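Student: predicted structure and sequence below. I'll ask about it afterward.
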Amino acid sequence: MSAADLSDARRQIIRDLEVAPEFDVRGEIERRVAFLAERLSSTGARALVLGISGGVDSSTAGRLCQLAAERVREGGGEAEFIAMRLPYGVQRDEDDAQRALGFIAPDRVLTVDVRPATDGLADALDKAGLEYDGDSARDFVIGNAKARERMAAQYAVAGAAGGLVVGTDHAAEAVTGFFTKFGDGAADLVPLTGLTKRRVRAVAAELGAPSAVVDKTPTADLETLSPQKPDEDALGLTYEQIDDFLEGRPVDGRAEEALVARYRATAHKRALPVAP
Ligand SMILES: Nc1ncnc2c1ncn2[C@@H]1O[C@H](COP(=O)(O)OP(=O)(O)OC[C@H]2O[C@@H]([n+]3cccc(C(=O)O)c3)[C@H](O)[C@@H]2O)[C@@H](O)[C@H]1O
Ligand SMILES: Nc1ncnc2c1ncn2[C@@H]1O[C@H](COP(=O)(O)OP(=O)(O)OP(=O)(O)O)[C@@H](O)[C@H]1O
Ligand SMILES: [Mg+2]
């Protein structure tokens, strides 16, 4: 791709993903809390539901949800934030998840172990005769199944509580399609839209998150055979590079090409199902 085509593609991506040229952290917090509170009021929903992993994305989105629920109640409405712990068995960094909950101070916490459902599905697929291209391919596919079990648990709670499911997608994740389609990619409201990873961290810090939460190494933590694999290792790109790309800062040519290619290859994950 020529340098001119590459920079056109980059500008289009920045527009599509709604990355703002300027960033005012207080203003962004207010706009996003107001958005969540307005959605609660205008839809008549009584709750926001979100899985809290201990990572910075769900910690930030969770605190915004809690503030929005409190704002609705202060206005005389009925709303609560239901934080869900969704470990696969015992989570290695459970302490981080508990620290995140301490920061968010949610109205309610529900814990659902997604392991029995995930393992049940994996066993049933084996019994049905499904074959994988090796153990690590199986681990990867079942990793995505964990994310979809988390989605199923959140929608069950939303259904029972009259709530809306909140997702943590933001520009630095959307650009690479680094989420499970119809897993963590499925949600009713996505309050972090348009933020880069460093802007998510800035929002978390401004909201008063402890530095262990703000600076936690991002991990999808889906693969049993490579627990807590850092996102940056899986992607072959750093969040510094991704954020620089999205904020229009200088970034090395190979990273720029890789990001445009990934964006194009994952277009289907950001779109509605394809119809004739
Ligand atoms: N061209 C196309 N048009 C329409 N649909 C297309 C398609 N190509 C694939 N598909 C469909 O998409 C499926 C592949 O998508 P998907 O199942 O998502 O799978 P995939 O994109 O291969 O994997 C998800 C990736 O996101 C990472 N992830 C997941 C969850 C959270 C986080 C995190 O950051 O925390 C990261 C995960 O570690 C993994 O690397 C295919 O099986 C197929 O059904
Ligand atoms: N163990 C878990 N318990 C509860 N929710 C989870 C868990 N793992 C993932 N999730 C949900 O899936 C979402 C996607 O995971 P992702 O790793 O992108 O976000 P994060 O863990 O909050 O932050 P980071 O990307 O920095 O690790 C999370 O924001 C959270 O809502
Ligand atoms: Mg994570």
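Tutor: Sure, I can see it. Residues are numbered from 1 along each chain as shown. Ligands and ions are numbered 1, 2, ... in the order given.

Student: for the rest of this, base every contact and every neighbour count on C-alpha atoms.
Tutor: Will do.

Student: from ligand 3, how far off is Val33?
Tutor: 22 Å (C-alpha to the ion, to the nearest Å).

Student: same thing with Gln241?
Tutor: Taking C-alpha to the ion, one finds Gln241 at 19 Å from ligand 3.

Student: next: Asp188.
Tutor: Applying C-alpha to the ion to Asp188 and ligand 3 gives a distance of 19 Å.

Student: next one, pLDDT for that residue please.
Tutor: Model confidence at Asp188, given as pLDDT, is 98.

Student: check the one 3 residues further on too.
Tutor: Turning to Pro191, the model gives it a pLDDT of 98.

Student: which strand or helix spans the nearest residue to it once chain neighbours are set aside?
Tutor: Nearest non-adjacent residue to Pro191, counting by C-alpha to C-alpha, 6 or more residues apart in numbering: Arg32, 5.9 Å away. Following DSSP states H and E, one finds Arg32 within helix 25-43.

Student: so which bits of that helix are buried?
Tutor: Applying a neighbour-count criterion of 16 or more other C-alpha atoms under 10 Å, one finds 25, 29, 32-37, 39-41 buried in helix 25-43.

Student: make JSON lines from these and add pLDDT to it.
Tutor: Conversion of those to JSON lines gives the following (pLDDT from 0 to 100):
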{"residue": "Val25", "pLDDT": "98"}
{"residue": "Ile29", "pLDDT": "98"}
{"residue": "Arg32", "pLDDT": "98"}
{"residue": "Val33", "pLDDT": "99"}
{"residue": "Ala34", "pLDDT": "98"}
{"residue": "Phe35", "pLDDT": "98"}
{"residue": "Leu36", "pLDDT": "98"}
{"residue": "Ala37", "pLDDT": "98"}
{"residue": "Arg39", "pLDDT": "98"}
{"residue": "Leu40", "pLDDT": "98"}
{"residue": "Ser41", "pLDDT": "97"}
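
Student: need the helices for this protein, in chain order.
Tutor: For the chain, applying DSSP state H gives helices covering 3-16, 25-43, 56-74, 94-104, 115-128, 135-161, 171-174, 197-206, 211-214, 231-235, 239-246, 253-265.

Student: hang on, the earlier thing: closest to ligand 1 out of the buried residues of helix 25-43?
Tutor: Arg32 (21.1 Å; C-alpha to the nearest ligand atom).

Student: is it true that the closest one touches Leu64?
Tutor: Yes. Using C-alpha atoms under 8 Å, Arg32 is in contact with Leu64, at 7.2 Å.

Student: so what touches the helix holding Arg32?
Tutor: 45-48, 64-65, 67-69, 71-72, 77, 79, 189, 191-192, 199, 202-203, 206 (C-alpha atoms under 8 Å, 6 or more residues apart in numbering).

Student: for the chain, which residues are neighbours of ligand 2?
Tutor: By the rule C-alpha under 6 Å from any ligand atom, the part of the chain lying against ligand 2 is 50-58, 84-87, 168, 184, 218-220.

Student: if I look at the residue most central in space within the chain, how far off is ligand 1?
Tutor: Residue closest to the average C-alpha location in the chain (C-alpha atoms, centre = their mean): Thr168, at 3.0 Å. Distance of Thr168 to ligand 1, computed by C-alpha to the nearest ligand atom, to the nearest Å: 9 Å.
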